[in-house]
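[1] Model the following, please.
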Amino acid sequence: MKVLITAGGTSEKIDNVRSITNHSTGRLGRTIAEVFLEKGHQVIYLTTPYAVRPAENKQLTVIEIETTAELQQQMKMLLSNHNFDSIIHSMAVSDFSSEISIPEEELIQNLTKKLQKEELSTGQKISEIIKSVLDSLGQQSQSEKKISSNTDRLLLFLKKNPKIIAMIREHQPDTVLVGFKLLVGVTDNELINVGTAALEKNHCDFVLANDLENIQGNNHRGLLIHADHHVETADTKIEIAQLIVKNVEKLSRF
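    Reported below is the predicted structural model:
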């Protein structure tokens, strides 16, 4: 089989020296890749600069990205140029990316000018004026290579990133798709409910639902939710990887 695995965590630049990221190490993705490779499958491994990765293997191709925008671009190219038997989307993708950063003084100045200019008696709501100022600021480009720290408050505006998993089924309708859902401090029932909703929304064949509080080193409790709502449980990264590979091999449509 030809398998695409995404792993690690994306990072979104604020300026040339600062960024927003998450704590994903890519260890689970690496373990899944290693099990696929041990069974003789071909793996394209899409990962991030600081994530762990499998050892070199003639069946392994590693591609590195950093931001969600780079991930989206690389995924479009891979999905257009390859037919994957399975796609394992375990990467922790940032929900938001930086739009612009400004000192609080600049925001206050922009709001003051706009409010003074507008005739509020026309019925225009203050909330609409504030939104127009925010929209205008969001359209500006971040010009500073390093944002000045000469302010008591730095205001960071974030914009929502596209959901990468949503594009997969459109480009590869026959691939066996495995999605991942991470929550924190919830019951198994909530994990299953949220994981099932993600499975149906993104047209996955499986979703691995896990709770951050149950991840410590190699101990990693995960619930593999099937499209028919059957649930299997694993307690370590290697058990999760073996469970995923076994089910993907069984369901492979090629």
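[2] Strands along the chain, start to end?
    2-6, 12-13, 19-20, 42-47, 60-64, 86-89, 96-103, 154-160, 176-183, 206-216, 219-226, 231-236 (DSSP state E).
[3] same for the fourth one, what does it pack against?
    To tie it back to what came earlier, the one meant is strand 42-47. strand 2-6, helix 27-38, strand 60-64, helix 68-81 (3 or more Cβ pairs under 8 Å, 6 or more residues apart in numbering; DSSP states H and E). Where you see a C-beta, it was placed from the backbone N, CA and C, and this is true even at glycine.
[4] Using TSV, lay out those together with mean pLDDT, distance to Lys201 and mean neighbour count.
    Converted to TSV, the helices and strands packed on strand 42-47 look like this (pLDDT from 0 to 100; distance: least, Cβ to Cβ, whole Å; neighbours: other Cβ atoms under 10 Å):
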stretch	mean pLDDT	distance to Lys201	mean neighbour count
strand 2-6	98	18	24
helix 27-38	97	22	23
strand 60-64	98	26	15
helix 68-81	96	18	16
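[5] which residue is nearest the middle of this protein?
    Val93 (1.5 Å; Cα atoms, centre = their mean).
[6] which residues sit in contact with the closest residue to Leu191 other than its chain neighbours?
    Nearest residue to Leu191 in three dimensions, chain neighbours excluded: Ala209, at 4.4 Å (Cβ to Cβ, 6 or more residues apart in numbering). Shown in contact with Ala209 (Cβ atoms under 8 Å, 6 or more residues apart in numbering): Phe180, Lys181, Leu183, Leu191, Ile192, Val194, Gly195, Gly222, Leu223, Ile225.
[7] now with 10 Å?
    Contacts for Ala209 were tallied using Cβ atoms under 10 Å, 6 or more residues apart in numbering; they are 179-183, 186, 188, 190-196, 198-199, 221-225, 231.
[8] Also Ser11?
    Contacts of Ser11 by Cβ under 10 Å, 6+ apart are 19-22, 48-50, 65-68, 70, 94, 97.
[9] if we can go back for a sec, buried ones among the contacts of Ala209?
    179-182, 191-192, 194-196, 198-199, 221-225 (16 or more other Cβ atoms under 10 Å).
[10] could you measure Ser11 against Ile63, distance?
    Distance from Ser11 to Ile63, counting by Cβ to Cβ, to the nearest Å: 16 Å.
[11] ok, and the closest non-adjacent residue to Glu60?
    Quick fix: residue 60 reads Leu, not Glu. Nearest non-adjacent residue to Leu60, counting by Cβ to Cβ, 6+ apart: Val43, 5.2 Å away.
[12] mind listing what that neighbour touches?
    1-5, 32-37, 54, 57, 59-62, 86, 88.
[13] Quick one: end-to-end distance for stretch 41-51.
    Stretch 41-51 stretches 22 Å from its first residue to its last (Cα to Cα, to the nearest Å).
[14] from the middle of its chain, how far away would it be?
    14 Å (Cα atoms, centre = their mean, to the nearest Å).
[15] tell me which residues of that stretch are tucked away?
    His41, Gln42, Val43, Ile44, Tyr45, Leu46, Thr47, Thr48, Ala51.
[16] so where's the stretch 101-250 of the chain uncertain?
    Residue ranges of the stretch 101-250 of the chain with pLDDT under 70: 118-124, 138, 140-148.
[17] what ranges do the helices span in it?
    104-117, 126-138, 168-171, 188-201, 237-251 (DSSP state H, counting those that start in this stretch).
[18] how about these in JSON lines, adding distance to Ser149?
    Below are these laid out as JSON lines (distance: least, Cβ to Cβ, whole Å):
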{"stretch": "helix 104-117", "distance to Ser149": "13"}
{"stretch": "helix 126-138", "distance to Ser149": "20"}
{"stretch": "helix 168-171", "distance to Ser149": "41"}
{"stretch": "helix 188-201", "distance to Ser149": "39"}
{"stretch": "helix 237-251", "distance to Ser149": "40"}
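[19] Comparing these, which stretch has the densest surroundings?
    The highest mean neighbour count among these, using mean count of other Cβ atoms under 10 Å, belongs to helix 237-251: a mean of 19.
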